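**Student:** coords please:
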Amino acid sequence: MAEKFGNGRWVKEGYFDNRTPDVVVGQITFASFGIVDICLAGNLNGEIAGKVVQFRNPKFLDDPYAGEMLGDFAIPQIGKVSLLSFDPHPLLDPHPYFEWFSRDQQHYRIELELDDAWEMADSEYAAIIGTSQRIHKEYAISLERSPA
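**Tutor:** Presented below is the predicted three-dimensional model:
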């Protein structure tokens, strides 16, 4: 069963950087956990492939219950992209949909409203370039050994 992070309430903000082919790095701020590094094998999909996307969730709730419900959530998150897209299904209205499997095959997804995610502007990118490089350097090698 996929964990939807309390119907999105437990996800505050984050970004995914897919400038390196076949690797997506980023960070997501979660209730109870704070900032979590993300490193996934795969790519963003559709019009955002090979780009950097950022998101903010106006429905965020810093709920202490989140930590209890997500007690086995691995930090950092290392795994494999299932679908990271702004248009996940032809029969649904376009919306940000971020789904992945962790190294231990836990299934996670975040669904947001249309205006809650966007392609990052060059002026915004300068703020995350060092973090993306650090995450890639520290965790991308783990993708080769990951069973995900």
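**Student:** what about the helix or strand hosting G130, average pLDDT?
**Tutor:** Secondary-structure assignment from DSSP states H and E places G130 in helix 129-145. In this model, helix 129-145 has an average pLDDT of 92.
**Student:** Any idea how far it is from the middle of the chain?
**Tutor:** The chain centre lies 14 Å from the centre of helix 129-145; the measure is C-alpha atoms, centre = their mean, to the nearest Å.
**Student:** In that helix, which residues are buried?
**Tutor:** 131-132, 135-136, 139-140, 143 (16 or more other C-beta atoms under 10 Å). (Each C-beta comes from the backbone N, C-alpha and C, glycine too.)
**Student:** Pull the contacting residues for the residue lying farthest from the centre of the chain.
**Tutor:** Computed with C-alpha atoms, centre = their mean, the maximum C-alpha offset from the centroid of the chain is found at L91, amounting to 23.2 Å. If a contact means C-beta atoms under 8 Å, 6 or more residues apart in numbering, then L91 has no contacts.
**Student:** and it, what element?
**Tutor:** With DSSP H and E as the criterion, L91 is inside neither a helix nor a strand.
**Student:** What is the nearest of the buried residues of helix 129-145 to S82?
**Tutor:** Using C-beta to C-beta, L143 is the member of the buried residues of helix 129-145 that lies nearest S82, at 14.6 Å.
**Student:** Please name the nearest non-neighbouring residue to that closest one.
**Tutor:** A41 (4.5 Å; C-beta to C-beta, 6 or more residues apart in numbering).
**Student:** beta partners of the one you found?
**Tutor:** Counting by DSSP bridges, A41 forms beta bridges with V23, K80.
**Student:** What is the neighbour count of it?
**Tutor:** 20 (other C-beta atoms under 10 Å).
**Student:** Summarise which helices and strands whichever strand or helix holds Q54 is packed against.
**Tutor:** Q54 belongs to strand 52-56 when elements are defined using DSSP H and E. Counting contacts by 3 or more C-beta pairs under 8 Å, 6 or more residues apart in numbering; DSSP states H and E, strand 52-56 packs against strand 11-17, strand 117-119.
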